[in-house]
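1. sequence and predicted model, in that order:
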Amino acid sequence: MKRFFENMGRMFQTWMQGRYGTDELSYTLSMAGLVLMLLSCLIRPLGILYLPALAMLVWSLYRSLSRNIYKRQNERNKYLELRRGAGKKLALLKNMWRDRKTHRYYKCPYCKAIVRIPMPGRGKNIVVTCHRCHGHFNKRT
């Protein structure tokens, strides 16, 4: 029996040679598909989520078994860019909430950078200097 499983493992390894395998996007698609499928089974009005869940699981399996590695890497890179951008936005929102009593965040009208300044008081007009483009703009705290 032990030899049977060893042979099956070797056969699976040789079959998977040249295929893309799993990555972050495949894992995310699989988990999202499983969660949607679970929700569609548990909550009757959400039964319409079954088809998108099935599509996510099939797409994840297709990506894992694909031999077109170049396309799968490009898809992965786009996904990681989107995830990184969302992570930056969430971190900014977290910092804005943490500093809400001591600092103000302003967007530079010239280069669109976010500028964090200590709050001098309420209702005062201040001149803000952007750290990136060194542009000056007026704001009211």
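-> Nice, thanks for sending it over.

2. where along this structure do the helices fall?
-> 2-16, 24-42, 50-65, 69-98 (DSSP state H).

3. okay, and the helix or strand of this protein with the least pLDDT?
-> In the chain, no helix or strand scores lower on mean pLDDT, DSSP states H and E than helix 2-16, which sits at a mean of 82.

4. using JSON lines, lay out the helices of the chain together with distance to residue 141.
-> To be clear about C-beta, it is placed using only N, CA and C from the backbone, and glycine gets the same treatment. Shown next, in JSON lines, are the helices of the chain (distance: least, Cβ to Cβ, whole Å):
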{"stretch": "helix 2-16", "distance to residue 141": "60"}
{"stretch": "helix 24-42", "distance to residue 141": "41"}
{"stretch": "helix 50-65", "distance to residue 141": "46"}
{"stretch": "helix 69-98", "distance to residue 141": "15"}
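
5. between those, which gets nearest to residue 121?
-> Closest of those to residue 121 is helix 69-98, at 18.8 Å (criterion: Cβ to Cβ).

6. with adjacent residues omitted, what lies nearest to residue 75?
-> In space, and not counting its chain neighbours, residue 75 is closest to residue 25: 6.2 Å by Cβ to Cβ, 6 or more residues apart in numbering.

7. quick one: pLDDT of the one you found?
-> Here the pLDDT value assigned to residue 25 is 93.
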